[in-house]
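K.L.:
here is my input, please return the structure:
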Amino acid sequence: MQIDQNQGYARNCHQAISDLQINGGNDALIASRNHELTGYETKIAECEKALITIGPCPLVNCVKHHEINKVVEIAEHGQYKLSTNFTPQKTPKPTISPNLAKTNAMLAEFAENDRKLLEISYKTVSRKNAAKPLTEEIKTAIETSNKFQLLMDVEEEDIPTEPPKTFIPAINLKLTNDYNLTLQEISRNDPETTNKYDRGYIKITPSSLEDIEKIIDLSQ
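P.N.:
I've put the predicted structure just below:
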């Protein structure tokens, strides 16, 4: 009977789920098995509901549901003799009720769906249809020429490079009676020296650091 077959499928599926959980199986496979088990349990419930609706077996001479108890048959064997005038009668052909035919068709459809489901669940994918691992493509950088690089190089070459300026401290000469003679002597020795009046002193700026000591010696 289809209900017995579904119950067998459900037991096998439940055992497979238990084995996967014990052995640390894949979560996706366990979820698929649970979904499959739910389908079997739903079909079992539908079959039981259909049997309750149909009621007892309508076949009076059904061997499976109205089988004679063998113990009673053996105990009563030979007790009664058949009359010689007994005429055997043909057993009437059992008639199947429309509800039973509908149930059998529904159970056959369930069996076909179970077979297709098992084929899909355990179908092996060929190497041709299997997904191939994707290889990461290494992208090479594209070099582009800068048209303005030549102009930038020319501009850098045209810029004059000035030497760093050296700070030369000024010398303050105190105003005395002969300061004019001192300035003339300094200008004679270093013509590039500049001097100007600044707050009661003559501010002397030599042209180089080497001339500072010479000017100090002349001003003393």
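K.L.:
report the residue ranges of every domain in the chain.
P.N.:
Domain assignment for the chain by the TED database gives 2-54, 168-218.
K.L.:
for I212, see how far away the closest residue to K174 other than its chain neighbours is.
P.N.:
Among residues not flanking K174 along the chain, Y201 sits closest, at 6.2 Å (Cβ to Cβ, 6 or more residues apart in numbering). Bear in mind the C-beta positions are built from the backbone N, C-alpha and C, glycine included. Separation of Y201 from I212 (Cβ to Cβ, to the nearest Å): 16 Å.
K.L.:
can you name the next helix or strand after the worst-scoring helix or strand of the chain on mean pLDDT?
P.N.:
Ranked by mean pLDDT, DSSP states H and E, the weakest helix or strand in the chain is helix 70-75, scoring a mean of 43. Once helix 70-75 ends, the next helix or strand along the chain (criterion: DSSP states H and E) is helix 98-121.
K.L.:
quick check: buried residues in that following helix?
P.N.:
Within helix 98-121, the residues scored as buried using 16 or more other Cβ atoms under 10 Å are L100, T103, L107, F110, D114.
K.L.:
report the two of these separated the most.
P.N.:
L100 and D114 (20.9 Å; Cβ to Cβ).
K.L.:
pull the contacting residues for Q2.
P.N.:
Q2 makes contact with C47, L107, A108, F110, A111 under the criterion Cβ atoms under 8 Å, 6 or more residues apart in numbering.
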